[in-house]
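Trainee: Need a 3D model of the following:
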Amino acid sequence: MEQLIPFRTLQAYGITTRTPISPVKVPEPEPVYLEVQDDDYAIRSYLINKGITVARDIKKNKIRLQAYANAIGQKVVYR
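Mentor: I've put the predicted structure just below:
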């Protein structure tokens, strides 16, 4: 409560203790998942829809999808 009163007023009334305000705990946000089917057609379609160049190899496409998800702060989950 003393922190809401100006310091000069506290001195005028002889108040010397200052009760610290405890920090407000902000809950961490839950992770957002990017769900994609685990087949080449679905991964390629998603990458094309987002304007990312696709490769013929599914492994390279998964790497590109993972890089895109990391860039937007999401995690890839294959169904």
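
Trainee: ok, residue 10 - how many residues close by?
Mentor: Applying other Cβ atoms under 10 Å, we find 15 residues neighbouring residue 10. The way it works is simple: take the backbone N, C-alpha and C, and place the C-beta from them, glycine included.

Trainee: One more: the one 3 residues further on?
Mentor: Counted with other Cβ under 10 Å, the burial measure for residue 13 works out to 7 neighbours.

Trainee: go on, residue 22?
Mentor: 6.

Trainee: ok, now residue 49?
Mentor: Other residues close to residue 49 by other Cβ under 10 Å number 8.

Trainee: How much space separates it from residue 26?
Mentor: According to Cβ to Cβ, to the nearest Å, residue 49 stands 34 Å off from residue 26.

Trainee: Show me the shaky parts of this structure.
Mentor: Flagging of the chain using pLDDT under 70 yields the residue ranges 1-3, 17-21.

Trainee: Contact partners for residue 22?
Mentor: With contacts taken as Cβ atoms under 8 Å, 6 or more residues apart in numbering, residue 22 has no neighbouring residues.

Trainee: Please identify the helix or strand for it.
Mentor: In this structure, residue 22 is located outside every helix and strand according to DSSP states H and E.

Trainee: Now do it against residue 63, distance only.
Mentor: Residue 22 sits 45 Å away from residue 63, taking Cβ to Cβ as the criterion.
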